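Undergrad: Structure for this input, please:
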Amino acid sequence: MFKRIVDGLQVVVALAAAVTVVLLVTVSPTVAEVDTPDVSAGADLFQANCSGCHGPEGEGGIGPALAGGLESFDAVEDVARFVSAGVPGRMPGFETRMTPDQVNAVAQFVWTDLAGR
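TA: Numbering: from 1, shown residues only. Predicted coordinates:
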């Protein structure tokens, strides 16, 4: 009788392990789904919202040049916070003009394509 109980438990544990593995494989998000903003959307948003001050290639104009480096920022997240908040009297904040995903896409574009990091 004890052997039948143990055998039954082994079957249940094996089935639970198989279901867990299947769920992990089919439900797990990929890195691209979680971490990669749409850089082409960022480029379009930059042209529509930022190029008037920073130049179409990030070369500067009314606003500072972005091309070639962003020494005052340590990470793309810092760029996103800056774009979102702005600086009173110097640069408008875009938190009410863009969604967080759009701000992140612009920041990623500036960080990778314009600043060359």
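Undergrad: Kindly report the domain assignment for this protein.
TA: Domain segmentation of the chain under automatic domain parsing yields 2-31, 37-114.
Undergrad: Now mean pLDDT and mean neighbour count too, for the ones you listed, in TSV please.
TA: C-betas here are computed from N, CA, C, even on glycine. What follows is the domains of the chain, written out as TSV (pLDDT from 0 to 100; neighbours: other Cβ atoms under 10 Å):
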stretch	mean pLDDT	mean neighbour count
domain 2-31	57	9
domain 37-114	92	16
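Undergrad: Can you get me the start-to-end distance on stretch 53-66?
TA: One end of stretch 53-66 sits 11 Å from the other (Cα to Cα, to the nearest Å).
Undergrad: Relative to the whole chain's centre, how far out is that stretch?
TA: 23 Å (Cα atoms, centre = their mean, to the nearest Å).
Undergrad: now swap in stretch 51-59 and tell me
TA: Centre to centre, stretch against its chain (Cα atoms, centre = their mean), the figure for stretch 51-59 is 22 Å.
Undergrad: same thing with stretch 45-64?
TA: The gap between where stretch 45-64 is centred and where its chain is centred comes out at 21 Å by Cα atoms, centre = their mean.
Undergrad: residues in contact with that stretch?
TA: Under the contact criterion Cβ atoms under 8 Å, 6 or more residues apart in numbering, stretch 45-64 has outside partners 65-67, 91, 94, 97-98, 102, 105-106, 109-110, 114-115.
Undergrad: swap the cut-off to 7 Å and go again
TA: Under the contact criterion Cβ atoms under 7 Å, 6 or more residues apart in numbering, stretch 45-64 has outside partners 65, 66, 67, 91, 94, 98, 102, 105, 106, 109, 110, 114.
Undergrad: This completes my enquiry, with thanks.
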